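1. Just to be clear, the model below is a prediction. Sequence and coordinates:
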Amino acid sequence: MPSASSFYDVPMALNENLSGTYGLEPRLAMARLRRHVSNAKKYTLGPMPIELFMNEFLPPGSGDASRRLSSRNAFARVPGSVDVPARIYIPLTAALNKKTRHKARCPGYVFMNTAERSTRPMRVGYAKPDICCFATTNVAPVRKADHILRTELGYAELFIKVSPKPDVDFFEDPPPGPADTPTSHELLRDIADESVYEEAEKAFGLSIAFATEIFARQQRMFLFSISMSGSFARLYRWDRAGCIVTQAFDIRERPELLTEFLWRFSALSDAQRGFDITIKLASPAEEALFRDSVRNHVSAQLDVTGEELNKAVSAHYQPNRVAVVCVFESHESGVVHAHHYLVSRPVVSPLTLAGRCTRGYWAVQVITGQVAFLKDTWRSPSHTETEGAILLQLNESAVRNVPDLAAHGDVLDVRLGSPSATTRPTYQVTQTNDWVDAPWVCSVEGKRVEVGVLRHYRLVTFTVGYSLKTLRGTEELLRATYDVFVAMRDALVKVSRIHRDLSVGNIIMVKEPGDTARRGYLIDWETSDRVDDQGEAEHVGRTGTWAFMSIRMLRAGYELRRHTFQDDMEALLWVVLYCGLFYLPHNLSTDDLTTMHTGLFERSSRFKGGQIGGEGKSVNASDRLWTNHVQFGDAAFAEWINTVMDYHRPPPELKAEYKDMWTAERLDAFWKDFLQSHNLERDNRTVHEISRFDYIEDVSMTSLLRSSPLRDKRPPDDHSSQQESKKARAMERHPTLPPGPPSSNLRRSTRTRAALTGKKSSARPRVSTRKSS
């Protein structure tokens with residue numbers, strides 16, 4: 001039976017304008033499903049024998065077996081194959097809920113047809129599980145909730161995804177054989193009919209999407225679910241390492257398997273059902289402390305009052321949804337110290353099933369009331385350095401503009417009791433990885449599935465601010481990113497470390513007490529690395545955020561390259577350009593910005609099993625193909641971005657003059673002088689949107705350019721398919737664009753260049769205050 005200690009219905013992070021949940025836009029649902037399925041092929045293990053699954057993950061309870069309803073003919077009314085899922089989930093729900101005065105299939109739980117609670121059940125982006133299982137104590141809030149909400153996923157104990165026919169099963173079991181004999185069988189069903197394959201892929205994708213959202217709306221370590229293909233069922237166990245799926249069985253012929261699963265499930269504790277019991281509901285007094293502390297910090301950071309302040313606070317606080325999170329800190333003596341922090345709505349919610357799956361919260365220390373930032377994530381234990389240990393080293397070495405460490409540690413598995421001086425602590429870890437070498441594990445697309453263990457980890461810092469995306473204007477953008485550049489240089493010089501993940505999301509702005517301007521801080525050092533005497537990272541391969549990676553680390557052969565400080569410098573350049581395109585005034589239309597965003601920041605290709613890109617960045621570095629079409633409303637920003645692009649990759653006429661300018665010392669000198677000598681705009685924030693397509697993964701750069709105003713309007717020539725293919729490939733490398741705008745708005749910083757090179761120039765830098773229309 002569930003207890004009051006479990007924390008359900010966790011708030012999710014809001015979008016940029018605080019109008020809705022971030023990352024769950026319905027119109028992008030099909031694109032997300034395709035990504036989910038593509039990723040799941042790398043972490044799905046199966047088919048596990050059903051009895052083994054139950055014995056390993058659902059230990060037999062000690063409940064009164066006399067209260068168990070018989071399994072005989074339990075699901076006889078569930079048809080084997082139908083045209084629509086409702087003809088299965090309606091009788092199945094009735095069978096699951098069947099009970100007498102003293103007996104039930106799953107005591108303490110209720111199964112509900114939740115597909116019918118969707119406002120648009122036929123649309124993927126609005127879909128809800130066909131059936132959800134709820135604790136009886138949680139049925140009332142689910143039934144009271146507006147159907148437009150997704151409350152069901154905040155309270156679901158497990159869910160059932162129903163497909164109408166057996167052939168819509170995405171998986172195929174191997175033929176019968178000895179249980180201990182390794183198999184070379186392919187797990188994914190070979191479906192020749194394209195429409196059936198799409199339906200099966202969609203069904204599996206929805207299961208992943210539902211599991212992912214339940215993890216985001218609840219505090220969980222793992223989750224169970226069931227899929228139905230006609231009357232054939234499979235059981236699933238999901239955690240942050242991946243998914244284990246069982247063999248299929250017909251619930252009409254083998255009803256005892258499903259009833260046994262449900263009976264065992266009903267006897268599980270909160271922790272055995274996957275809940276993280278290191279998190280508890282806050283008391284009314286604790287909630288008041290959290291609300292007031294956060295409100296004061298928001299007011300100090302943003303200088304807002306009234307309704308504007310209330311709205312800003314809503315990004316961090318939802319009434320009646322405040323929790324106490326335990327952060328465990330282990331000491332060399334073996335003693336584990338527990339720190340308690342209050343949290344509510346995260347600023348970052350996990351939107352993928354497997355991986356680090358980070359949540360980020362504004363938090364309040366229970367004892368002191370101090371506002372902090374709490375990062376809840378899953379890390380690889382094979383990495384000997386934790387982010388907290390890295391931050392401690394940075395702090396002790398006086399590296400500027402990095403977060404101040406408060407506490408950190410792996411999350412204890414308190415199901416086994418608290419550690420003592422004579423016992424070693426045990427931690428919350430994934431279990432999918434324990435079965436990669438099991439003989440029943442089949443290959444996926446001809447490849448062995450490799451899944452690594454992940455450990456739950458929490459980090460708290462005293463540095464709490466707002467995303468770089470909240471910049472107010474040119475001045476704040478260039479000063480905050482310069483602060484980050486200072487942090488990068490300090491880390492390199494003082495501790496021989498590079499960040500390796502410069503991105504918009506890894507820069508925050510903080511208003512310190514007594515300051516009038518916000519300072520930039522470089523956060524998220526978990527993927528940073530030490531560098532050797534040649535300035536190269538100790539570990540090969542790339543890491544970071546795709547949109548901002550350097551050209552060198554995006555190209556083929558990346559797996560053999562080592563990250564350098566210059567790669568981080570280039571990533572910071574792309575961060576500044578990105579922010580200029582999305583938050584400063586310029587002349588691009590929505591369609592033009594969408595095309596440019598795709599070409600510069602998103603474009604990728606599959607090559608030898610990996611992902612490569614950088615073509616758009618490379619072309620722009622060579623001849624400014626993209627940026628020559630942008631007229632920024634602030635000439636000073638245009639001057640900065642054009643000068644730094646010239647430092648990075650000078651055009652032919654500047655190659656001799658700008659030789660060896662792409663160094664930390666040269667960039668620092670230019671940037672510092674620029675900030676001192678220019679009167680930068682403070683309040684020219686202008687937010688730009690891009691068009692999003694539900695089929696974005698299927699749209700090539702060629703198609704985007706053909707449909708964009710940046711593409712010539714001439715009708716296509718009538719060439720053969722071979723000629724058209726060659727033309728398309730060439731256009732992806734060098735898209736045809738109209739002549740660029742006058743370049744006066746993009747004048748280089750001639751005075752600064754002269755100061756650095758020792759050459760005089762008669763040109764005067766043009767600083768404009770003109771706003772774009």
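-> Good, I have the coordinates.
2. Now do residue 39: how many residues are near it, please.
-> 16 (other CB atoms under 10 Å). Yep, even glycine has a C-beta here, placed from its N, CA and C like the rest.
3. Distance-wise, check it relative to residue 351.
-> Counting by CB to CB, to the nearest Å, the separation of residue 39 from residue 351 is 11 Å.
4. Over to residue 475?
-> Residue 475 is 33 Å from residue 351, by CB to CB.
5. How about residue 88?
-> Distance from residue 88 to residue 351, by CB to CB: 30 Å.
6. Over to residue 8?
-> 19 Å.
7. Look at those two and report which has more neighbours.
-> Ranked by neighbour count (other CB under 10 Å), residue 8 and residue 351 place residue 8 first, with 22 against 19.
8. The more buried one reaches residue 220, doesn't it?
-> No - Residue 8 lies out of contact with residue 220 (CB atoms under 8 Å); the separation is 10.1 Å.
9. residues touching the residue nearest to residue 13 when sequence neighbours are not counted, list them.
-> Leaving aside its sequence neighbours, residue 13 sits nearest to residue 349 (CB to CB, 6 or more residues apart in numbering; 4.2 Å). By CB atoms under 8 Å, 6 or more residues apart in numbering, the contact list for residue 349 reads 12-13, 21-23, 216, 359.
10. Can you report phi and psi for residue 349?
-> phi -120, psi 150 (degrees, to the nearest 10).
11. measure it to residue 298 for me?
-> From residue 349 to residue 298 the distance is 19 Å (CB to CB).
12. cool, and residue 18?
-> 12 Å.
13. which residues are common contacts for those two?
-> residue 312.
14. Looking at these two, which is more packed in?
-> A count of neighbours by other CB under 10 Å puts residue 298 above the other of residue 18 and residue 298, at 25 against 11.
15. before we move on, the earlier item: identify those among the contacts of residue 349 that sit within strands.
-> In this view, the contacts of residue 349 that belong to strands under DSSP state E are residue 359.
16. Find the pair from the contacts of residue 349 with maximum spatial separation.
-> The most widely separated members of those, counting by CB to CB, are 21 and 359 (13.8 Å).
17. low-confidence ranges in this structure?
-> Low-confidence segments of the chain (pLDDT under 70): 1-6, 62-63, 178-182, 332-334, 416-423, 693-773.
18. State which helix of it is the longest.
-> Ranked by residue count, the top helix of the chain under DSSP state H comes out as helix 194-217.
19. who's in contact with residue 232?
-> 166, 169, 248-251 are the contacts of residue 232 under CB under 8 Å, 6+ apart.
20. Equivalent analysis for residue 541, please.
-> Counting by CB under 8 Å, 6+ apart, residue 541 has contacts 558-561.
21. Could you count how many residues lie near residue 78?
-> By other CB under 10 Å, neighbour count at residue 78 equals 25.
22. that older thread, and the contacts of residue 232, which of them are buried?
-> For the contacts of residue 232, a burial check counting by 16 or more other CB atoms under 10 Å picks out 169, 248-251.
23. which among those residues gets closest to residue 465?
-> When the buried ones among the contacts of residue 232 are compared against residue 465 (criterion: CB to CB), the nearest one is residue 169, at 48.7 Å.
24. how near is the closest one to residue 189?
-> With CB to CB as the criterion, residue 169 and residue 189 are 6 Å apart.
25. can you list residues touching both of these two?
-> residue 200.
26. And the helices in the stretch 401-550 of the chain, which stretches?
-> Under the criterion DSSP state H, counting those that start in this stretch, the stretch 401-550 of the chain contains helices at 474-495.
27. Break down it into its strands, ranges please.
-> Taking DSSP state E, counting those that start in this stretch, the strands of the stretch 401-550 of the chain run over residues 405-410, 455-461, 466-467, 497-498, 507-510, 519-522, 529-530, 536-540.
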